[in-house]
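Enquirer: Need a 3D model of the following:
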Amino acid sequence: MDRSSLVYKGWWPDATCCDQVLRILPDGDWIAVFMTGGQTEPAPENHVVLCRSRDQGLTWGPPEDVLRLPDRASTMTEVLVHDGAVTVHVQIHRGAFDDWRNATVTSRDGGRTWGAPVEFAALPRRAMIRNTLHSSWGTWYMPFQHYLPQGDTSASVLRDGSFAAPAIGVLLSDDQGTTWRTSATVTGHGWAEGTLTELRDGTLAMLVRHDGTGCLWRTDSRDRGATWSAPARTAIPNPGSKARLWRLRDGRHVLVHNPNPATSHPNSKPYASLNRSPLSLWISDDDLASWSYRRDLTAFPGMLAYPDGVISDDERWVHLVFDYNRHDVIHWSAELP
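Expert: Next up, the predicted model:
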């Protein structure tokens with residue numbers, strides 16, 4: 001039976017929250033890392049925090065600062081737990097995705113203290129990465145979308161036209177994240193967030209958000225991530241929201257997402273896209289060709305957005321967090337069949 005709990009309740013002056021991930025640390029602590037601060041996103045008050053659970057998600061502690069800058073906004077998109085360190089990939093900007101730079105902050109004591117931001121030079125300015133895939137042949141992959149400047153590199157990506165056609169691809173590392181190189185790219189649209197998996201024949205398949213089309217799109221690589229096919233529509237409904245893929249050891253693929261083809265909802269409010277509902281779990285037995293298992297985790301009215309987390313070691317659970325209407329972070333442990 002599924003389990004759920006409230007991680008964080010947004011409240012003035014830190015009302016907003018989004019872009020959350022759940023990770024499990026070597027000492028058994030669970031951490032939910034997310035952006036909060038201010039009333040909206042993006043905003044100059046945005047910053048990154050974590051909440052901690054020592055009882056496997058039953059209860060959660062108060063927010064602990066990960067990165068809060070006095071004169072810049074920060075948000076985050078990926079958290080790596082590896083070799084005794086917790087590394088958070090952050091984006092730093094002036095409050096409107098302008099003068100956007102990428103960095104990492106690292107903790108070596110379980111997220112209790114954090115180093116200063118370090119530029120993440122592998123990723124161009126005005127780019128964003130998503131979840132890391134560890135391939136069977138040892139290479140690590142991180143999908144990215146890059147908003148190429150249309151003149152002034154410090155301009156907001158929301159205002160200079162680059163938002164319409166970002167370059168999408170992957171970063172590759174053969175030394176467990178010490179160094180990275182960049183694949184060839186193809187063209188996406190909007191917040192072209194990708195989620196990546198490895199198929200049985202070694203093909204890499206990336207499902208990509210494509211705003212305004214009512215579905216996820218897909219691009220594949222048959223040369224271990226060096227090049228990618230032109231994105232094509234799939235039959236997977238999506239309202240314009242991040243989805244999340246995992247591969248199980250038996251070759252099945254787990255997808256948690258919003259299977260709704262509507263790209264708007266008459267009751268939506270700013271920062272509450274009510275078409276991002278329900279939140280569902282799908283499983284494919286045939287390398288994403290079809291989805292033999294589908295169930296809604298929750299269809300509670302409102303926005304149920306940006307699920308992210310981990311598969312348990314015994315592969316009985318997917319432990320994740322998502323935001324409800326940009327003001328609550330919810331933990332959900334979904335039992336796998």
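Enquirer: thinking residue 181 is in contact with residue 172, fair?
Expert: Yes - taking CB atoms under 8 Å as the definition, residue 181 is a contact partner of residue 172 at 5.3 Å. (Each C-beta comes from the backbone N, C-alpha and C, glycine too.)
Enquirer: more crowded one of these two?
Expert: residue 172 (19 against 12; other CB atoms under 10 Å).
Enquirer: The more buried one against residue 143, yeah?
Expert: No - using CB under 8 Å, residue 172 makes no contact with residue 143, being 10.9 Å away.
Enquirer: from the middle of its chain, how far away would the one helix or strand residue 196 maps to be?
Expert: Following DSSP states H and E, one finds residue 196 within strand 194-198. Relative to its parent chain, strand 194-198 has a centroid offset of 11 Å by CA atoms, centre = their mean, to the nearest Å.
Enquirer: likewise stretch 322-337?
Expert: 13 Å.
Enquirer: circling back: next SSE downstream of the strand holding residue 196?
Expert: Trace forward from strand 194-198 with DSSP H and E and the next one is strand 204-208.
Enquirer: So which bits of the helix or strand hosting residue 106 are buried?
Expert: Per DSSP H and E: residue 106 is located in strand 101-107. Along strand 101-107, these residues count as buried under the neighbour rule (16 or more other CB atoms under 10 Å): 101-105, 107.
Enquirer: pLDDT of the next helix or strand after it, averaged?
Expert: Going down the chain from strand 101-107, the next helix or strand is strand 118-119, by DSSP H and E. For strand 118-119, mean pLDDT is 96.
Enquirer: So what touches the least confident helix or strand in the chain by mean pLDDT?
Expert: One helix or strand of the chain scores below all others by mean pLDDT, DSSP states H and E: strand 127-129, with a mean of 94. Residues from elsewhere that reach strand 127-129 (CB atoms under 8 Å, 6 or more residues apart in numbering): 77-78, 89, 91, 102, 123, 142-147, 171, 193.
Enquirer: In the sheet, which strands lie alongside that strand, parallel or antiparallel?
Expert: Strand pairing for strand 127-129, determined by DSSP bridges: strand 140-146 (antiparallel).
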